[in-house]
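Student: starting from these lines, generate the structure:
(one chain, ligands or ions: 4)
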Amino acid sequence: MLENLLNEQDLAPGGQGTTDGRSNLTVDFGFFTSVSVGDKVWVDLDGNGLQNGGEPGVPGVTVRIYNATTGAEITTDMYGNPLLPEVTDANGEYLFENLHPGSYYVIFDLNTVPPYYTVTIQNVDGNVSNEDDSDASPVNGLTENTGYIPSGGANLSLDMGLQCNIEVDAGQTAKICSKNMLALAQLNAFITPASVGGVWSTSGDGQFVQGDGTTIDNTFSGAVFYIPGPNDKTNGSVTLTLTSNPIGPCLPVSDTVVITVLKVDCGAFPWDGN
Ligand SMILES: [Ca+2]
Ligand SMILES: [Ca+2]
Ligand SMILES: [Ca+2]
Ligand SMILES: [Ca+2]
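Tutor: Numbering: from 1, shown residues only. Ligands and ions are numbered 1, 2, ... in the order given. Have a look, this model is predicted:
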């Protein structure tokens, strides 16, 4: 890489000394001061596409940097040392250092973003130098270009905002007879992504149990049946609520489903509609 640093046209014939007799080490000998590109992945809790107070950083996101002119990924720094992809730190920050002056873009590796996030709105500011807006494409994590960063400069504007994206659906209404258990599978409830997990709760006095019909378990992954309680039978219905687990800065999300509890013993006599 050294040959790239020594810009031949800035050297006198033979490569000795300078053409104008005045020494400008920065230009004449290519001793550029390096430039930097960064610097943040954060949770855009209010979804406005900008970094606001109290919005935390997201660690563990891989970022790669590219030459905006050639489209080539940058894999060595200006000193010829290997330049590895950055991974955002505990504060959600990354920084590529020791780069040649030039124009760059980065690609945030969306495969390294936790599945309960989606990328927030892009470029609400529209200004390439805005250090607080999100520049990443929600489709592929690609940012805009920095524009030319001169020797000694830095562009810390290439950021990506993420929004919590957890969907909870408690499923479809159902009817059960008072002495029967409700098979929760028939509700077709879901939490997306499933890895977030969640818990069931009831407005009544019944219990969630595992597949053995007796072991109490209100987790979404563990509960198989709902057994209506005395009040559920008296009321004739009960509301079940499915709530996602809190994860990172993402708040729990809930949905409800109403279960009709028929005041009949289905096994004893036909239901008369009351
Ligand atoms: Ca925000
Ligand atoms: Ca921008
Ligand atoms: Ca920034
Ligand atoms: Ca920005």
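
Student: helices or strands up against the longest helix seen in the chain?
Tutor: Longest helix in the chain by number of residues, with DSSP state H as the criterion: helix 230-235. Judged by 3 or more Cβ pairs under 8 Å, 6 or more residues apart in numbering; DSSP states H and E, helix 230-235 is in contact with strand 254-262. All C-beta atoms are positioned from the backbone trio N, CA, C, and that covers glycine.

Student: buried residues in the strand it packs on?
Tutor: 255, 257, 259, 261-262 (16 or more other Cβ atoms under 10 Å).

Student: got the contact list for the residue nearest in space to the middle of the chain?
Tutor: With distances taken as Cα atoms, centre = their mean, Tyr117 lies nearest the centre of the chain, 3.2 Å away. Contact partners of Tyr117, counting by Cβ atoms under 8 Å, 6 or more residues apart in numbering, are 43, 58, 162-165.

Student: same check on Ala194?
Tutor: If you count contacts by Cβ under 8 Å, 6+ apart, then Ala194 has nothing around it.

Student: which one is Pro228 nearest to, not counting chain neighbours?
Tutor: Distance criterion Cβ to Cβ, 6 or more residues apart in numbering; nearest residue to Pro228, sequence neighbours excluded, is Gly206 at 4.5 Å.

Student: that neighbour reaches Tyr226, doesn't it?
Tutor: Yes - when contacts are counted by Cβ atoms under 8 Å, Gly206 is listed as touching Tyr226 (5.6 Å).

Student: for the stretch 1-150 of the chain, which segments count as strands?
Tutor: 35-43, 62-67, 86-87, 93-99, 104-108, 117-119 (DSSP state E, counting those that start in this stretch).

Student: on that earlier part again, which of the contacts of Tyr117 are buried, as a ChimeraX select command?
Tutor: A single ChimeraX command selects the buried members of the contacts of Tyr117 (16+ other Cβ under 10 Å):
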select :43,58,162,163,164
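
Student: restrict the contacts of Tyr117 to contacts with ligand 3.
Tutor: Among those, no residue is within reach of ligand 3 (Cβ under 5 Å from the ion).

Student: and which of the contacts of Tyr117 is nearest to ligand 2?
Tutor: Leu162 (15.7 Å; Cβ to the ion).

Student: stretch 151-169 and ligand 1, any residue contact?
Tutor: No - using Cβ under 5 Å from the ion, stretch 151-169 stays clear of ligand 1, coming no nearer than 6.7 Å.

Student: which positions within that stretch qualify as buried?
Tutor: Here stretch 151-169 shows 154-164, 166, 168 as buried, counting by 16+ other Cβ under 10 Å.
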